[in-house]
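Q: Structure, please.
(one chain, ligands or ions: 2)
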Amino acid sequence: MTDRVTVDFIWLDHGRGLEAPRQQSTGAAGVDLLAALGASETMTIEAGKRALVPTGMAIALPAGYEAQVRPRSGLAAKHGVTVLNTPGTIDADYRGEIKVILINHGDAPFTIQRGDRIAQMVVAPVSGIDFQLRENLDATERGAGGFGSTGR
Ligand SMILES: O=c1ccn([C@H]2C[C@H](O)[C@@H](COP(=O)(O)OP(=O)(O)OP(=O)(O)O)O2)c(=O)[nH]1
Ligand SMILES: [Mg+2]
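A: Ligands and ions are numbered 1, 2, ... in the order given. Prediction:
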């Protein structure tokens, strides 16, 4: 087990009553994100369409961390539903509602209800970046080769 990180969070009004985010097993990489729809509300994503799904949750990551919003493989394998912008980036200074951009790549409408587990979120360290402008870059064996330059 590596270091644990504490992430403060609040429920927005429409998120109250949902199960609090937690790792489902000791080795789970992330926590599931739940759809914070109204109790009798549903959201249907037609085949080929996308939707911004509320989670009813806002977080305050410690400085030096990001959160990534990732698809759930079950939704992808069974329904063709995934996170359009995966991995979605949650900045450490973002205090708004976490939302999930789902896209339905399947061939049938996909309907979401309150509490459905629509995606998962991992927390990861990120480095600060200082860009240094140079005249040249150090030489490497690969050089500028890429995009299949090593063959199949
Ligand atoms: O899947 C996502 C991706 C982003 N966000 C929130 C948190 C993030 O900190 C903020 C901005 O995200 P991003 O930088 O990806 O979007 P942008 O289009 O560059 O917007 P901005 O100009 O606000 O940075 O939106 C989400 O709630 N869900
Ligand atoms: Mg941005």
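Q: can you give me the strands for this structure?
A: 8-11, 31-34, 42-45, 50-54, 57-60, 65-70, 81-83, 88-90, 99-104, 110-113, 117-125 (DSSP state E).
Q: Just put those in a markdown table and tack on mean neighbour count.
A: From N, CA and C alone the C-beta is placed, and that goes for glycine too. Below are the strands of the chain laid out as a markdown table (neighbours: other CB atoms under 10 Å):
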| stretch | mean neighbour count |
| --- | --- |
| strand 8-11 | 12 |
| strand 31-34 | 22 |
| strand 42-45 | 15 |
| strand 50-54 | 18 |
| strand 57-60 | 18 |
| strand 65-70 | 19 |
| strand 81-83 | 22 |
| strand 88-90 | 17 |
| strand 99-104 | 21 |
| strand 110-113 | 17 |
| strand 117-125 | 19 |
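Q: To ligand 1, which of those strands lies closest?
A: Among the strands of the chain, the nearest to ligand 1 by CB to the nearest ligand atom is strand 88-90 (2.3 Å).
Q: follow-up on the earlier one: redo the strands of the chain as TSV? Include distance to P21 and mean pLDDT.
A: TSV is the format used below for these (distance: least, CB to CB, whole Å; pLDDT from 0 to 100):
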stretch	distance to P21	mean pLDDT
strand 8-11	7	98
strand 31-34	4	98
strand 42-45	20	98
strand 50-54	14	98
strand 57-60	7	98
strand 65-70	10	98
strand 81-83	16	98
strand 88-90	12	98
strand 99-104	13	98
strand 110-113	18	98
strand 117-125	7	98
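Q: Now distance to T140 too, for the ones you listed, in JSON lines please.
A: Below are those laid out as JSON lines (distance: least, CB to CB, whole Å):
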{"stretch": "strand 8-11", "distance to T140": "42"}
{"stretch": "strand 31-34", "distance to T140": "39"}
{"stretch": "strand 42-45", "distance to T140": "44"}
{"stretch": "strand 50-54", "distance to T140": "39"}
{"stretch": "strand 57-60", "distance to T140": "39"}
{"stretch": "strand 65-70", "distance to T140": "28"}
{"stretch": "strand 81-83", "distance to T140": "34"}
{"stretch": "strand 88-90", "distance to T140": "28"}
{"stretch": "strand 99-104", "distance to T140": "36"}
{"stretch": "strand 110-113", "distance to T140": "45"}
{"stretch": "strand 117-125", "distance to T140": "26"}
